[in-house]
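1. Please work out how this folds:
(one chain, ligands or ions: 1)
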Amino acid sequence: MSVVDAGATDDFVDGEARQVRLGTRTLVIVRLGQDFYVLDDRCSHEDFSLAAGEVDAKNATIECARHGAIFDLVDGTPQSFPATRPVARYDVVVHEGRVEVTVP
Ligand code: FES
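-> Next up is the predicted model:
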């Protein structure tokens, strides 16, 4: 496990998804207020970027822009078809204004 700096909190717009590359991983980071959520930036239905999808701040979900599967930002589980498998999620903390992601 290692903790990786994903950028300053101010780099992330509230309610929006942003793709971030950390080493060999491509992640999607979503900011909702002061909370941050990190998932693999790859829909589990087909190989498509979730960062292109729409964030639902009220329900803390993101909708894949390709076929509309909805994923829980907290744990990556699918909330609707056509996706049936979760996407990986990562622990994230804010430390001194930086977004720090724990990666295996
Ligand atoms: S690629 Fe995401 S729902 Fe199909």
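2. who in this structure is up against the ligand?
-> Counting by CB under 6 Å from any ligand atom, the chain comes close to the ligand at C43, H45, E46, F48, C64, R66, H67, G68, A69, P82, A83. Where C-beta positions appear, they are placed from N, C-alpha and C, glycine not excepted.
3. and if we set it to 8 Å?
-> 43-48, 50, 53, 64-69, 82-83 (CB under 8 Å from any ligand atom).
4. So among these, where is pLDDT lowest?
-> Across the residues of the chain next to the ligand, the bottom pLDDT score, 94, is held by D47.
5. Find the helix or strand that that one is a member of.
-> Assessed by DSSP states H and E, D47 sits outside every helix and strand.
6. Count the residues that sit near it.
-> Residues lying near D47 (other CB atoms under 10 Å) number 8.
7. separation between it and P86?
-> 16 Å (CB to CB, to the nearest Å).
8. what do you get for S49?
-> 17 Å.
9. what's the answer for R18, then?
-> On the measure of CB to CB, R18 and P86 end up 21 Å apart.
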